[in-house]
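Trainee: Show me the folded form of this:
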Amino acid sequence: MDSRVHPDLKALFSVFPETKFDKKDLAEIRKQIHQSLEADIQPSDSLVSKYYRNIPGTEESPDVPVVIYEPTTKNKILSGVLWIHGGGYIMGVPEINDALCRRFVLETDSVVVAVDYRLAPEHPYPAPVEDCYSALEWFAENANELGVDSNRIAVAGNSAGGGLTAAVSLLARDRKGPKIAFQMPLYPMIDDRNITPSSYEITDSRVWNRESNIFGWKAYLGENYDKEVSQYAAPARATDLSGLPPTYTCVGELDPFRDETMDYVARLLRAGVPTEFHIYPGCYHGFETSVVKTNIGQRAETQYVEALKNALNK
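Mentor: Numbering: from 1, shown residues only. Okay, the predicted model is just below:
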């Protein structure tokens, strides 16, 4: 894969460690994520306030922790962004996207609610998606208290968070729940079947690849892996995408999710859903999220922040 990686990413990619996922190492991987975040997570500052709270889950579920980011000064009604972090359904916390959530607040004039949903394999489907849907309901019901226009709430997330974004949008449509103004499932993890050409093509263990993807789906689906599963578990299985919110998505050429994302985009367009799509040549999974900022990564992030801003502030 080294010869195919975008020039902006080559130096970074060359020093990536190999990572193999298995159950016995998952706790250590999660611990390392938390440790790496300790130096990067910022408290409230002069422009963005951040606070934590628990919101009600479903009747069968515990409360859902969320992190709320908002402008320290509010002088108008704002839009809202429900942010869902990535991590293959098996790892991650909202603070992993701390800087991005602050950017959403400042550049899209939004209150951001980032969901700390339960993780697999301890909590397989439907726990994560139900946590996220509960957060959407709470956000819409409490929009006035938060200073948010309930008609301008977007749902967004990357990787597994992108998969949960797509699933929450389907649930909101089918349950006749809160109206979502815009969905932004970035390089979403939406197809459990692993049958696309790109799912076979990307095997380098320095990035999210076929092996890690299968591990994530097995953890998320549990005993239902390799069976027919709900569209709310794997949105690529949805046969009807009509009535979904206007959409923005993107994916890298060297992402195992490349083909499932492209297929999802094509079917959204055929269903009459306004959709913008970008594919980045030579880019691997999550290329724009690195602590080391690259030109191509900054360009991708700026483009989706702009898309969100334009959608919420028409």
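
Trainee: pLDDT below threshold where in the stretch 1-150 of the chain?
Mentor: 37-44 (pLDDT under 70).

Trainee: mind checking the SS state of the closest residue to Met91 other than its chain neighbours?
Mentor: Distances taken as CB to CB, 6 or more residues apart in numbering place Arg30 nearest to Met91, at 5.1 Å, with adjacent residues excluded. All C-beta spots, glycine's among them, are computed from the backbone N, C-alpha and C. At Arg30 the chain is in helix, as set by DSSP: H, G, I helix; E, B strand; the rest coil.

Trainee: can you count the residues close to Arg30?
Mentor: Arg30: 16 surrounding residues under other CB atoms under 10 Å.

Trainee: Identify the bridge partners of the nearest residue to Asp109 once chain neighbours are set aside.
Mentor: Closest residue to Asp109 apart from its sequence neighbours, by CB to CB, 6+ apart: Leu78 at 5.4 Å. Beta-bridge pairing of Leu78 under DSSP bridges involves Val148.

Trainee: For Leu78, give me its contacts.
Mentor: Applying CB atoms under 8 Å, 6 or more residues apart in numbering to Leu78 gives the contacts Glu70, Pro71, Asp109, Ser110, Val111, Gly147, Val148, Asp149.

Trainee: among those residues, which ones are buried?
Mentor: Glu70, Pro71, Asp109, Ser110, Val111, Val148 (16 or more other CB atoms under 10 Å).

Trainee: Show me which of the residues you listed is closest to Gly162.
Mentor: Ser110 (18.3 Å; CB to CB).

Trainee: beta partners for the closest one?
Mentor: Residues in beta-bridge contact with Ser110 (DSSP bridges): Ser79.

Trainee: That one and Asp149: what is the separation?
Mentor: 10 Å (CB to CB, to the nearest Å).

Trainee: how far does stretch 278-294 stretch from start to finish?
Mentor: Chord length of stretch 278-294, first to last residue, is 17 Å (CA to CA, to the nearest Å).

Trainee: And that stretch, what's buried?
Mentor: Within stretch 278-294, the residues that count as buried by 16+ other CB under 10 Å are Ile279, Tyr280, Gly282, Cys283, Tyr284, His285, Gly286, Phe287, Glu288, Thr289, Thr294.
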